[in-house]
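J.: Got a predicted structure here, sequence first:
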Amino acid sequence: MTCGTADRRRSRRTAVKAVAGVAGAALAVTTAGFQAQAAEAGQDARQDGDFRIAADGYYATARVATAGNALIPVPVPEVDAHVTVGQIESEANSAGIEGEDEGVHSRAFGTIASVGGAGAEFDVPYLVEQVALPEEAESASYGVHDVEVPIVGTLSAISGEVKANWNNDLVTEGAPGGVLTSLYSGVGQVDLLHVDDLGPVTELLPIELPAGSPLMTVGAGQLLQETGTFPKDDGTLGAYAEVSGRFADLSILGGAAEGGISLGFAGADDGDTPNAWGRLEATGEPGGASFDYELPALELHVADEEVIDVEPGFDETIDLGGVSVNLNFADYREDDTVIAEDGTAAAASGGGLSVRITLSVEVPVVGEVEIGSAEVGLLSFPELSVEVPEGGISEPVILEN
(Lines give C-alpha, C1' and ligand atoms only; values in the text may rest on other atoms or scores of the structure.)
Protein backbone atom coordinates (compact mmCIF):
# COMPACT_ATOMS: atom_id res chain seq x y z
CA MET A 1 0.00 0.00 0.00
CA THR A 2 1.27 3.42 -0.91
CA CYS A 3 0.18 6.30 1.33
CA GLY A 4 1.18 9.94 1.24
CA THR A 5 1.90 10.37 -2.47
CA ALA A 6 3.77 13.51 -3.51
CA ASP A 7 1.82 16.65 -2.64
CA ARG A 8 1.95 18.01 -6.18
CA ARG A 9 0.18 14.91 -7.50
CA ARG A 10 -2.47 14.90 -4.79
CA SER A 11 -3.33 18.58 -5.28
CA ARG A 12 -3.62 18.02 -9.02
CA ARG A 13 -6.13 15.21 -8.48
CA THR A 14 -8.29 16.93 -5.86
CA ALA A 15 -10.21 19.05 -8.36
CA VAL A 16 -10.95 16.00 -10.50
CA LYS A 17 -12.32 14.04 -7.56
CA ALA A 18 -14.39 16.93 -6.31
CA VAL A 19 -16.22 17.03 -9.63
CA ALA A 20 -16.76 13.27 -9.61
CA GLY A 21 -18.10 13.48 -6.07
CA VAL A 22 -21.57 14.52 -7.21
CA ALA A 23 -23.45 11.34 -8.08
CA GLY A 24 -24.26 11.06 -11.74
CA ALA A 25 -22.36 14.21 -12.73
CA ALA A 26 -20.16 12.25 -15.10
CA LEU A 27 -23.25 11.20 -17.03
CA ALA A 28 -23.87 14.76 -18.24
CA VAL A 29 -20.78 15.61 -20.25
CA THR A 30 -20.62 18.41 -22.80
CA THR A 31 -20.64 16.29 -25.92
CA ALA A 32 -19.57 18.93 -28.41
CA GLY A 33 -16.52 19.87 -26.36
CA PHE A 34 -15.66 16.24 -25.73
CA GLN A 35 -15.79 15.34 -29.41
CA ALA A 36 -13.73 18.35 -30.40
CA GLN A 37 -11.13 17.56 -27.77
CA ALA A 38 -10.86 13.92 -28.85
CA ALA A 39 -10.64 14.81 -32.51
CA GLU A 40 -7.97 17.43 -31.86
CA ALA A 41 -5.98 15.03 -29.71
CA GLY A 42 -6.19 12.36 -32.41
CA GLN A 43 -4.94 14.83 -35.02
CA ASP A 44 -1.97 15.76 -32.82
CA ALA A 45 -1.11 12.07 -32.40
CA ARG A 46 -1.18 11.55 -36.18
CA GLN A 47 1.09 14.52 -36.76
CA ASP A 48 3.89 13.67 -34.35
CA GLY A 49 3.71 9.86 -34.32
CA ASP A 50 2.89 9.61 -30.62
CA PHE A 51 0.07 7.59 -29.11
CA ARG A 52 -2.01 8.07 -25.96
CA ILE A 53 -4.52 5.92 -24.04
CA ALA A 54 -6.46 7.22 -21.04
CA ALA A 55 -9.28 6.11 -18.77
CA ASP A 56 -10.95 7.65 -15.73
CA GLY A 57 -13.74 6.01 -13.77
CA TYR A 58 -15.17 5.16 -10.38
CA TYR A 59 -17.09 2.41 -8.66
CA ALA A 60 -19.53 4.72 -6.87
CA THR A 61 -20.23 8.30 -5.94
CA ALA A 62 -22.61 9.43 -3.23
CA ARG A 63 -23.95 12.75 -2.02
CA VAL A 64 -26.17 13.58 0.93
CA ALA A 65 -27.76 17.00 1.42
CA THR A 66 -30.47 18.36 3.69
CA ALA A 67 -32.38 21.62 3.79
CA GLY A 68 -31.25 22.86 7.19
CA ASN A 69 -33.41 25.99 6.94
CA ALA A 70 -36.60 24.21 5.88
CA LEU A 71 -39.83 25.82 7.11
CA ILE A 72 -41.01 22.92 9.27
CA PRO A 73 -41.77 22.66 13.01
CA VAL A 74 -38.76 20.46 13.89
CA PRO A 75 -35.05 21.10 13.23
CA VAL A 76 -33.35 19.48 10.25
CA PRO A 77 -29.60 18.80 10.58
CA GLU A 78 -27.54 20.73 8.01
CA VAL A 79 -25.75 18.20 5.83
CA ASP A 80 -23.99 18.55 2.49
CA ALA A 81 -21.35 15.88 1.98
CA HIS A 82 -20.11 13.73 -0.84
CA VAL A 83 -17.79 10.78 -1.39
CA THR A 84 -16.24 9.10 -4.42
CA VAL A 85 -15.41 5.44 -3.86
CA GLY A 86 -12.98 3.32 -5.84
CA GLN A 87 -11.82 5.97 -8.27
CA ILE A 88 -9.27 4.90 -10.88
CA GLU A 89 -7.20 6.85 -13.39
CA SER A 90 -4.73 5.59 -15.98
CA GLU A 91 -2.74 7.01 -18.87
CA ALA A 92 -0.16 5.69 -21.29
CA ASN A 93 1.51 8.37 -23.41
CA SER A 94 4.55 7.95 -25.64
CA ALA A 95 5.21 11.70 -25.42
CA GLY A 96 5.32 11.58 -21.61
CA ILE A 97 2.63 12.33 -19.04
CA GLU A 98 1.97 15.93 -18.11
CA GLY A 99 2.71 16.69 -14.47
CA GLU A 100 5.00 13.69 -14.02
CA ASP A 101 8.79 13.49 -14.10
CA GLU A 102 10.56 13.32 -17.43
CA GLY A 103 10.62 9.79 -18.80
CA VAL A 104 7.32 8.73 -17.21
CA HIS A 105 5.14 7.26 -19.97
CA SER A 106 2.49 5.29 -18.08
CA ARG A 107 0.62 5.89 -14.84
CA ALA A 108 -2.01 3.97 -12.88
CA PHE A 109 -3.71 5.47 -9.85
CA GLY A 110 -6.47 4.30 -7.51
CA THR A 111 -7.99 5.50 -4.26
CA ILE A 112 -10.43 4.07 -1.75
CA ALA A 113 -12.38 7.28 -1.35
CA SER A 114 -12.26 11.04 -1.50
CA VAL A 115 -14.60 12.87 0.85
CA GLY A 116 -15.81 16.44 0.95
CA GLY A 117 -18.49 18.75 2.22
CA ALA A 118 -19.79 19.81 5.61
CA GLY A 119 -16.47 21.45 6.43
CA ALA A 120 -14.64 18.13 6.15
CA GLU A 121 -12.76 18.37 2.86
CA PHE A 122 -10.06 15.70 2.90
CA ASP A 123 -8.83 12.61 1.10
CA VAL A 124 -9.20 9.29 2.87
CA PRO A 125 -5.49 8.35 3.13
CA TYR A 126 -5.67 5.02 1.34
CA LEU A 127 -4.44 5.40 -2.17
CA VAL A 128 -1.99 3.71 -4.49
CA GLU A 129 -0.07 4.86 -7.55
CA GLN A 130 2.48 3.36 -9.90
CA VAL A 131 4.34 4.95 -12.79
CA ALA A 132 6.79 3.78 -15.45
CA LEU A 133 9.54 4.44 -16.19
CA PRO A 134 11.04 3.10 -14.03
CA GLU A 135 8.95 -0.05 -14.35
CA GLU A 136 8.32 -1.95 -11.11
CA ALA A 137 8.42 -5.75 -11.14
CA GLU A 138 5.30 -6.15 -9.00
CA SER A 139 1.96 -4.38 -8.83
CA ALA A 140 1.07 -2.06 -5.96
CA SER A 141 -1.99 -2.78 -3.82
CA TYR A 142 -4.04 -1.44 -0.93
CA GLY A 143 -6.80 -2.68 1.34
CA VAL A 144 -8.81 -1.56 4.35
CA HIS A 145 -11.91 -2.57 6.28
CA ASP A 146 -14.72 -0.40 7.68
CA VAL A 147 -13.96 3.23 6.87
CA GLU A 148 -16.33 5.64 8.61
CA VAL A 149 -17.01 8.58 6.32
CA PRO A 150 -18.20 11.64 8.26
CA ILE A 151 -21.95 12.13 7.79
CA VAL A 152 -22.17 10.05 4.61
CA GLY A 153 -21.96 6.52 6.00
CA THR A 154 -19.73 3.44 6.13
CA LEU A 155 -17.48 1.85 3.51
CA SER A 156 -16.36 -1.72 4.12
CA ALA A 157 -13.88 -4.23 2.70
CA ILE A 158 -12.28 -1.99 0.08
CA SER A 159 -9.22 -3.11 -1.85
CA GLY A 160 -7.36 -2.26 -5.01
CA GLU A 161 -4.35 -3.02 -7.18
CA VAL A 162 -2.52 -1.03 -9.87
CA LYS A 163 0.27 -1.76 -12.35
CA ALA A 164 2.07 0.51 -14.83
CA ASN A 165 4.33 -0.89 -17.57
CA TRP A 166 6.52 0.55 -20.32
CA ASN A 167 9.03 -1.62 -22.21
CA ASN A 168 10.13 -2.61 -25.71
CA ASP A 169 7.69 -5.52 -25.93
CA LEU A 170 4.78 -3.11 -25.54
CA VAL A 171 5.70 -0.06 -27.59
CA THR A 172 8.13 -1.11 -30.36
CA GLU A 173 7.20 -1.98 -33.95
CA GLY A 174 7.32 -5.73 -34.48
CA ALA A 175 6.78 -6.40 -30.77
CA PRO A 176 4.01 -8.66 -29.38
CA GLY A 177 2.29 -5.85 -27.45
CA GLY A 178 0.61 -6.30 -24.08
CA VAL A 179 -0.69 -4.51 -20.99
CA LEU A 180 0.47 -0.94 -20.33
CA THR A 181 -1.71 -0.19 -17.30
CA SER A 182 -4.09 -2.27 -15.21
CA LEU A 183 -6.25 -1.32 -12.24
CA TYR A 184 -8.66 -3.11 -9.94
CA SER A 185 -10.97 -1.69 -7.30
CA GLY A 186 -13.29 -3.80 -5.15
CA VAL A 187 -15.81 -2.62 -2.55
CA GLY A 188 -17.63 -4.81 -0.03
CA GLN A 189 -20.55 -2.55 0.87
CA VAL A 190 -21.48 1.13 1.10
CA ASP A 191 -24.08 2.24 3.67
CA LEU A 192 -25.40 5.72 2.93
CA LEU A 193 -26.91 7.97 5.59
CA HIS A 194 -28.40 6.17 8.57
CA VAL A 195 -31.99 7.21 9.18
CA ASP A 196 -31.21 8.05 12.81
CA ASP A 197 -28.91 10.84 11.59
CA LEU A 198 -31.90 12.76 10.24
CA GLY A 199 -33.29 13.38 13.72
CA PRO A 200 -36.96 13.95 14.63
CA VAL A 201 -37.84 15.22 11.15
CA THR A 202 -38.40 11.60 10.08
CA GLU A 203 -41.51 11.53 12.29
CA LEU A 204 -43.17 13.98 9.90
CA LEU A 205 -42.77 11.73 6.88
CA PRO A 206 -45.90 9.85 5.76
CA ILE A 207 -43.80 6.71 5.36
CA GLU A 208 -42.03 4.87 8.16
CA LEU A 209 -38.29 4.71 7.59
CA PRO A 210 -36.28 1.66 8.76
CA ALA A 211 -34.98 2.84 12.14
CA GLY A 212 -31.33 1.98 12.79
CA SER A 213 -30.76 1.20 9.12
CA PRO A 214 -29.13 3.14 6.28
CA LEU A 215 -31.34 5.00 3.85
CA MET A 216 -29.54 3.24 0.99
CA THR A 217 -27.13 0.30 0.81
CA VAL A 218 -24.91 -0.53 -2.15
CA GLY A 219 -23.75 -4.14 -2.16
CA ALA A 220 -20.39 -5.63 -3.10
CA GLY A 221 -19.01 -4.65 -6.50
CA GLN A 222 -15.84 -4.21 -8.48
CA LEU A 223 -14.25 -2.18 -11.22
CA LEU A 224 -11.42 -3.23 -13.55
CA GLN A 225 -9.61 -1.27 -16.21
CA GLU A 226 -6.79 -2.08 -18.64
CA THR A 227 -4.91 -0.34 -21.44
CA GLY A 228 -2.41 -1.84 -23.84
CA THR A 229 -1.20 -2.52 -27.37
CA PHE A 230 -1.68 -5.41 -29.80
CA PRO A 231 0.20 -6.49 -32.93
CA LYS A 232 -1.09 -6.02 -36.48
CA ASP A 233 -0.29 -8.08 -39.56
CA ASP A 234 2.15 -5.46 -40.90
CA GLY A 235 4.15 -5.39 -37.65
CA THR A 236 2.82 -2.08 -36.38
CA LEU A 237 0.77 -1.93 -33.18
CA GLY A 238 -2.78 -0.94 -32.39
CA ALA A 239 -3.94 0.24 -28.96
CA TYR A 240 -6.91 -0.48 -26.71
CA ALA A 241 -8.65 0.55 -23.51
CA GLU A 242 -10.90 -1.95 -21.78
CA VAL A 243 -13.15 -1.60 -18.74
CA SER A 244 -15.34 -4.04 -16.87
CA GLY A 245 -17.18 -4.05 -13.60
CA ARG A 246 -20.03 -5.30 -11.54
CA PHE A 247 -23.29 -3.48 -10.86
CA ALA A 248 -23.93 -4.22 -7.21
CA ASP A 249 -27.29 -4.94 -5.63
CA LEU A 250 -29.00 -1.80 -4.35
CA SER A 251 -31.34 -1.60 -1.34
CA ILE A 252 -33.40 1.53 -0.59
CA LEU A 253 -35.47 2.03 2.58
CA GLY A 254 -34.68 -1.47 3.78
CA GLY A 255 -35.33 -3.15 0.44
CA ALA A 256 -38.50 -4.53 -1.13
CA ALA A 257 -39.06 -6.96 1.75
CA GLU A 258 -39.48 -3.95 4.07
CA GLY A 259 -41.72 -2.00 1.69
CA GLY A 260 -38.83 -0.21 -0.01
CA ILE A 261 -36.91 -0.86 -3.21
CA SER A 262 -34.43 -3.54 -4.30
CA LEU A 263 -32.45 -3.45 -7.53
CA GLY A 264 -30.24 -6.30 -8.70
CA PHE A 265 -28.81 -8.27 -11.57
CA ALA A 266 -31.38 -10.23 -13.59
CA GLY A 267 -30.79 -13.94 -14.20
CA ALA A 268 -28.20 -16.39 -12.92
CA ASP A 269 -25.34 -14.70 -11.09
CA ASP A 270 -22.39 -16.00 -9.09
CA GLY A 271 -22.16 -12.74 -7.15
CA ASP A 272 -18.61 -12.07 -8.30
CA THR A 273 -18.18 -12.09 -12.10
CA PRO A 274 -18.25 -8.64 -13.76
CA ASN A 275 -21.54 -8.00 -15.54
CA ALA A 276 -20.60 -4.88 -17.53
CA TRP A 277 -17.88 -4.52 -20.16
CA GLY A 278 -16.54 -2.06 -22.74
CA ARG A 279 -13.56 -1.92 -25.11
CA LEU A 280 -12.12 0.79 -27.37
CA GLU A 281 -9.62 0.02 -30.13
CA ALA A 282 -7.68 2.10 -32.63
CA THR A 283 -5.36 0.62 -35.28
CA GLY A 284 -4.53 3.71 -37.32
CA GLU A 285 -6.09 2.09 -40.41
CA PRO A 286 -9.35 3.20 -42.10
CA GLY A 287 -12.23 1.50 -40.29
CA GLY A 288 -9.87 0.34 -37.54
CA ALA A 289 -11.39 2.34 -34.67
CA SER A 290 -14.17 0.70 -32.67
CA PHE A 291 -16.13 0.73 -29.43
CA ASP A 292 -17.91 -2.40 -28.24
CA TYR A 293 -19.72 -2.79 -24.92
CA GLU A 294 -22.24 -4.79 -22.94
CA LEU A 295 -24.44 -3.57 -20.10
CA PRO A 296 -26.54 -5.96 -18.00
CA ALA A 297 -30.28 -6.23 -17.56
CA LEU A 298 -31.36 -5.42 -13.99
CA GLU A 299 -34.52 -6.19 -12.03
CA LEU A 300 -36.35 -3.63 -9.91
CA HIS A 301 -38.53 -4.77 -7.00
CA VAL A 302 -40.80 -2.20 -5.32
CA ALA A 303 -42.37 -3.61 -2.15
CA ASP A 304 -44.68 -6.46 -3.22
CA GLU A 305 -45.42 -5.03 -6.67
CA GLU A 306 -44.62 -6.70 -9.99
CA VAL A 307 -40.96 -6.91 -10.97
CA ILE A 308 -39.82 -4.18 -13.38
CA ASP A 309 -37.13 -4.82 -16.02
CA VAL A 310 -34.38 -2.20 -16.00
CA GLU A 311 -32.29 -1.96 -19.17
CA PRO A 312 -29.98 0.78 -20.49
CA GLY A 313 -32.07 3.88 -21.18
CA PHE A 314 -34.39 3.30 -18.20
CA ASP A 315 -35.42 6.51 -16.40
CA GLU A 316 -38.33 6.38 -13.96
CA THR A 317 -39.40 8.04 -10.71
CA ILE A 318 -41.15 6.04 -8.00
CA ASP A 319 -43.26 7.72 -5.30
CA LEU A 320 -43.40 5.89 -1.98
CA GLY A 321 -45.28 8.61 -0.10
CA GLY A 322 -42.96 11.34 1.10
CA VAL A 323 -40.03 9.53 -0.49
CA SER A 324 -39.38 9.96 -4.20
CA VAL A 325 -36.84 7.67 -5.91
CA ASN A 326 -35.53 8.36 -9.41
CA LEU A 327 -33.62 5.56 -11.18
CA ASN A 328 -31.63 6.30 -14.32
CA PHE A 329 -29.67 3.56 -16.10
CA ALA A 330 -27.62 5.48 -18.65
CA ASP A 331 -26.41 3.89 -21.84
CA TYR A 332 -23.21 4.99 -23.57
CA ARG A 333 -24.81 7.70 -25.67
CA GLU A 334 -23.94 8.01 -29.35
CA ASP A 335 -23.31 11.73 -28.98
CA ASP A 336 -20.55 10.98 -26.47
CA THR A 337 -18.77 8.47 -28.72
CA VAL A 338 -16.03 9.38 -31.20
CA ILE A 339 -14.94 6.84 -33.80
CA ALA A 340 -12.46 8.34 -36.31
CA GLU A 341 -13.01 7.09 -39.86
CA ASP A 342 -9.25 6.83 -40.44
CA GLY A 343 -8.95 4.56 -37.38
CA THR A 344 -6.67 6.87 -35.40
CA ALA A 345 -8.99 7.74 -32.49
CA ALA A 346 -11.81 6.26 -30.42
CA ALA A 347 -13.42 7.81 -27.36
CA ALA A 348 -16.48 7.29 -25.18
CA SER A 349 -18.03 8.66 -22.02
CA GLY A 350 -20.97 7.92 -19.76
CA GLY A 351 -22.73 4.77 -18.71
CA GLY A 352 -23.67 3.85 -15.18
CA LEU A 353 -26.62 3.76 -12.82
CA SER A 354 -27.79 6.92 -11.05
CA VAL A 355 -30.23 6.90 -8.12
CA ARG A 356 -31.68 9.96 -6.37
CA ILE A 357 -33.83 9.79 -3.23
CA THR A 358 -35.77 12.89 -2.20
CA LEU A 359 -37.47 13.20 1.22
CA SER A 360 -40.41 15.64 1.49
CA VAL A 361 -43.01 16.53 4.11
CA GLU A 362 -46.35 18.30 3.81
CA VAL A 363 -46.44 21.54 5.81
CA PRO A 364 -49.73 23.41 6.44
CA VAL A 365 -50.07 26.58 4.35
CA VAL A 366 -46.57 26.13 2.89
CA GLY A 367 -47.29 22.85 1.10
CA GLU A 368 -44.74 20.16 0.24
CA VAL A 369 -41.23 20.92 1.52
CA GLU A 370 -38.12 18.99 0.50
CA ILE A 371 -36.05 18.21 3.60
CA GLY A 372 -33.22 16.21 2.11
CA SER A 373 -31.84 14.09 -0.70
CA ALA A 374 -29.32 11.33 -1.29
CA GLU A 375 -27.73 10.45 -4.62
CA VAL A 376 -25.64 7.51 -5.78
CA GLY A 377 -23.89 6.87 -9.10
CA LEU A 378 -22.46 3.44 -9.95
CA LEU A 379 -19.84 2.37 -12.51
CA SER A 380 -19.32 5.47 -14.61
CA PHE A 381 -16.45 6.47 -16.88
CA PRO A 382 -16.12 10.20 -17.62
CA GLU A 383 -13.30 9.48 -20.07
CA LEU A 384 -12.17 6.56 -22.22
CA SER A 385 -9.94 7.40 -25.15
CA VAL A 386 -7.41 5.80 -27.50
CA GLU A 387 -5.29 7.80 -29.98
CA VAL A 388 -2.68 6.32 -32.35
CA PRO A 389 -0.76 7.66 -35.37
CA GLU A 390 -1.99 7.10 -38.90
CA GLY A 391 -0.95 3.59 -39.90
CA GLY A 392 -0.58 2.50 -36.28
CA ILE A 393 2.28 2.63 -33.78
CA SER A 394 5.26 2.30 -36.13
CA GLU A 395 8.05 4.54 -34.91
CA PRO A 396 10.58 2.46 -32.98
CA VAL A 397 10.50 3.38 -29.31
CA ILE A 398 13.75 1.72 -28.25
CA LEU A 399 14.31 1.94 -24.53
CA GLU A 400 17.74 1.76 -22.94
CA ASN A 401 18.27 -1.09 -20.50
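T.: Everything's here; your move.
J.: all helices of the protein, in order?
T.: Along the chain, counting by DSSP state H, helices occupy 7-20, 31-48, 168-171.
J.: and the ones you listed, which one's lowest on average pLDDT?
T.: Sorting these by mean pLDDT places helix 7-20 lowest, at a mean of 28.
J.: Grab the nearest non-local neighbour of the spatially most central residue of the chain.
T.: Note on the chain: the residue nearest the mean C-alpha position is residue 58, at 2.1 Å, using Cα atoms, centre = their mean. Distance criterion Cβ to Cβ, 6 or more residues apart in numbering; nearest residue to residue 58, sequence neighbours excluded, is residue 87 at 4.3 Å. Where C-beta positions appear, they are placed from N, C-alpha and C, glycine not excepted.
J.: What number of residues are in the vicinity of residue 366?
T.: For residue 366, the tally of surrounding residues (other Cβ atoms under 10 Å) stands at 11.
J.: Next up, phi/psi of it, please.
T.: The phi/psi pair for residue 366 (degrees, to the nearest 10) reads phi -70, psi -40.
J.: cool, and residue 297?
T.: phi -90, psi 140.
J.: just checking, it touches residue 311?
T.: Yes. Residue 297 is within contact range of residue 311, at 5.3 Å (criterion: Cβ atoms under 8 Å).
J.: and the residue nearest to residue 58, how far is that from residue 177?
T.: In this view, residue 87 and residue 177 are 27 Å apart by Cβ to Cβ, to the nearest Å.
J.: ditto for residue 73
T.: For residue 73 relative to residue 177 (Cβ to Cβ), the value is 67 Å.
J.: partners of the closest residue to residue 217 other than its chain neighbours in the sheet?
T.: Closest residue to residue 217 apart from its sequence neighbours, by Cβ to Cβ, 6+ apart: residue 251 at 4.4 Å. Beta bridges link residue 251 to residue 217, residue 262, judged by DSSP bridges.
J.: I figured residue 251 hits residue 261, correct?
T.: Yes. Counting by Cβ under 8 Å, residue 251 does reach residue 261; the two are 7.5 Å apart.
J.: buried stuff in stretch 252-262?
T.: 252, 253, 254, 255, 256, 258, 259, 260, 261, 262 (16 or more other Cβ atoms under 10 Å).
J.: Could you take those residues and lay them out as TSV, with extra columns for distance to residue 169 and pLDDT?
T.: TSV is the format used below for the buried residues of stretch 252-262 (distance: Cβ to Cβ, whole Å; pLDDT from 0 to 100):
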residue	distance to residue 169	pLDDT
252	48	87
253	53	82
254	53	83
255	49	86
256	51	88
258	55	81
259	57	83
260	52	85
261	49	88
262	47	90
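J.: now, which of those sits nearest residue 369?
T.: Nearest to residue 369 out of those is residue 253 (Cβ to Cβ; 19.5 Å).
J.: is it true that that closest one touches residue 301?
T.: No. Using Cβ under 8 Å as the test, residue 253 is too far from residue 301 to be in contact (12.0 Å).
J.: List the residues that are in contact with both of these two.
T.: residue 261 (Cβ atoms under 8 Å, 6 or more residues apart in numbering).
J.: what about the closest residue to residue 242 other than its chain neighbours, how many neighbours?
T.: Of all residues not flanking residue 242 in the chain, residue 279 sits nearest, at 4.4 Å (Cβ to Cβ, 6+ apart). Neighbours of residue 279 under the rule other Cβ under 10 Å: 19.
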